[in-house]
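Asks: Sequence and predicted structure are below.
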Amino acid sequence: GAVVSQHPSWVICKSGTSVKIECRSLDFQATTMFWYRQFPKQSLMLMATSNEGSKATYEQGVEKDKFLINHASLTLSTLTVTSAHPEDSSFYICSALPDRLISYEQYFGPGTRLTVT
Amino acid sequence: RKEVEQDPGPFNVPEGATVAFNCTYSNSASQSFFWYRQDCRKEPKLLMSVYSSGNEDGRFTAQLNRASQYISLLIRDSKLSDSATYLCVVKEYSSASKIIFGSGTRLSIRP
C-alpha cells in the first residue's frame, strides 16, 4: 500500500508555457501533500505544503503566483508551473501524508523531470 | 546554520566495509527522525525511522542522541547495492508539520 503517483514523469516545454504536474495518492487519503524541487546534486527543497480545501502554504522565496497549487480532493494535488523559464528546469517531487493518525511517514511520488527550453 | 546538516561525503568504501554517517539538527523541538535513501534520478525511499532507543534493521543501525541533537546511521558489511545518497530527515511532532531534509551524503561502494 501507500502508493503515490505523479504525472507526467517527464516533460519538455518551451519557455513561456505552463506545465501542470499531478500528484495522486492511490490507496489512501491525504489531506496534506508536499511539493519539493531538487536541482542536480542538491537535496530536496520544500516548495509548498498543499492542504485539501484550503490555500497552499509556500516556503520563503517560492512565488505562489508562479507555482500554482490546487488540492481539490483527498487524493489529488496539482502543481502548475506558469510561464516556465529554463531556470525552472528541475526534478519536482510530491509527497503525501496519510490521514491515518498513527503514521508521520510521507510517501513520495516518483518525481517529474521538467526541462524548459 | 542549516536546520539539518549532514556529512558532505562522498564516501567511497570497499565492499564489506562498515560506514557511518552523522546528521545534526538545530531545532530541539524536533520529534521524528528518519533516514531516507535516494538513488540517482529517483524519489527518496524510507530506509528506517530513528527511535530514541536506537533501532536496527539487518545491516543498518540508527541511533538518536537528543542531548547532542544528532542522529547516526551505521551500515555494516556494505554491499554494492548500498551505493546511493542517504538523506537525514527531521520532523516536528505535529503530523501537519513540514519535514526538513539534510543535503544528503553520497555513498559509493567499490568492489
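Replies: Cool, got the structure. No experiment lies behind these values; they were computed from the predicted model shown.

Asks: From here on, just use CA atoms for contacts and neighbour counts.
Replies: Fine.

Asks: By mean pLDDT, flag the weakest helix or strand of chain B.
Replies: strand B:99-101 (a mean of 82; mean pLDDT, DSSP states H and E).

Asks: and it, what other elements does it pack with?
Replies: strand B:84-92 (3 or more Cα pairs under 8 Å, 6 or more residues apart in numbering or on different chains; DSSP states H and E).

Asks: Paired strands for the strand it packs on, with orientation please.
Replies: strand B:30-38 (antiparallel), strand B:99-101 (antiparallel), strand B:105-110 (antiparallel) (DSSP bridges).

Asks: Adding mean neighbour count, write the ones you listed out as CSV.
Replies: Converted to CSV, the strands paired with strand B:84-92 look like this (neighbours: other Cα atoms under 10 Å in any protein chain shown):
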stretch, mean neighbour count
strand B:30-38, 21
strand B:99-101, 21
strand B:105-110, 20
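
Asks: May I have stretch A:66-73 as CSV, with CA atoms only?
Replies: In CSV, the C-alpha atoms belonging to stretch A:66-73 read as follows (Å, rounded to 0.1, in the frame of the first residue of the first chain):
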residue,chain,number,x,y,z
LYS,A,66,4.3,31.2,-10.5
PHE,A,67,3.8,27.8,-8.8
LEU,A,68,0.0,27.3,-8.6
ILE,A,69,-1.1,24.5,-6.3
ASN,A,70,-4.6,23.1,-6.3
HIS,A,71,-5.5,20.3,-3.8
ALA,A,72,-9.0,19.7,-4.9
SER,A,73,-9.6,16.2,-3.4
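
Asks: For that stretch, which outside residues touch it?
Replies: The contact list for stretch A:66-73 (Cα atoms under 8 Å, 6 or more residues apart in numbering or on different chains) reads A:50-56, A:77-83.

Asks: One more pass at 6 Å, please.
Replies: With Cα atoms under 6 Å, 6 or more residues apart in numbering or on different chains as the test, stretch A:66-73 has contacts from A:52, A:77-82.

Asks: Could you do stretch A:34-46 as well?
Replies: A:47-50, A:90-95, B:103.

Asks: Can you classify the closest residue to chain B within chain A by secondary structure?
Replies: Closest contact between chain A and chain B, by Cα to the nearest Cα, is at A:Ser43 (4.6 Å). Here A:Ser43 is recorded as coil under DSSP: H, G, I helix; E, B strand; the rest coil.
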